[in-house]
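In: Build me a model:
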Amino acid sequence: MNRPLFTLVAVLTALPGCSTNSIYQDQPLVAKVDTGMTREQVRQIGGQPLAVTDRTVEPGTCFDYKLTHEGHQQAYNVSFDGRGMVDHKSFMTCAEWSHAQLKAREPSRPSGGGGY
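Out: Sure thing, here's the model as predicted:
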């Protein structure tokens, strides 16, 4: 696995609240949307998104949704590549996903050491 991808995966798994997202696993956007689906297929499953934004790191667009369960709300995004096909979905906003991608692309800084 290349370093930027590994870093991105590490950031996503370390996000707070991830363990509570299991209550949303049966919601249609989470359960039915899959990689390779089109924007229209996602809209048929999840309805109109709260916001549609252009991606800033890779060409494409991103849909923001808000999942609700027993009065609690959770951000959720579905991200599309430049061809309009789903290539990512996660329990964060599109802005948070974009920030995670940017952080993953930053060159790693050497740790430790000296300054002598």
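In: wait, what's in contact with residue 35?
Out: For residue 35, the contacting residues are 85-88, by C-beta atoms under 8 Å, 6 or more residues apart in numbering. To be clear about C-beta, it is placed using only N, CA and C from the backbone, and glycine gets the same treatment.
In: Just the residues contacting stretch 62-74, thanks.
Out: 17, 21, 23-24, 27, 29-30, 39, 42, 46, 49-55, 75-80, 91, 93-94, 97-98.
In: what distance separates the helix or strand harbouring residue 78 from the middle of the whole chain?
Out: With the criterion set as DSSP states H and E, the secondary-structure element containing residue 78 is strand 72-80. How far strand 72-80 lies from its chain's middle: 7 Å, per C-alpha atoms, centre = their mean, to the nearest Å.
In: hang on, residue 86 packs against residue 29?
Out: No. In this structure, residue 86 is not within contact of residue 29 by C-beta atoms under 8 Å, at 10.7 Å.
In: Common neighbours of the two, please.
Out: Counting by C-beta under 8 Å, 6+ apart, the contacts common to residue 86 and residue 29 are 42, 78.
In: circling back: from the contacts of residue 35, which would you call buried?
Out: Among the contacts of residue 35, the ones that count as buried by 16 or more other C-beta atoms under 10 Å are 86-88.
In: could you pull out the helices for this structure?
Out: With DSSP state H as the definition, the chain shows helices at residue ranges 3-13, 28-32, 39-46, 94-105.
In: what's the second one packed up against?
Out: The contact analysis (3 or more C-beta pairs under 8 Å, 6 or more residues apart in numbering; DSSP states H and E) places helix 28-32 against helix 39-46, strand 61-69, strand 72-80.
In: In TSV: those, plus mean pLDDT.
Out: Supplementary listing: those in TSV, determined by pLDDT from 0 to 100:
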stretch	mean pLDDT
helix 39-46	98
strand 61-69	96
strand 72-80	96
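In: Out of these, which is closest to residue 105?
Out: Judged by C-beta to C-beta, the one of those that comes nearest to residue 105 is strand 72-80, at 15.5 Å.
In: All set, thanks.
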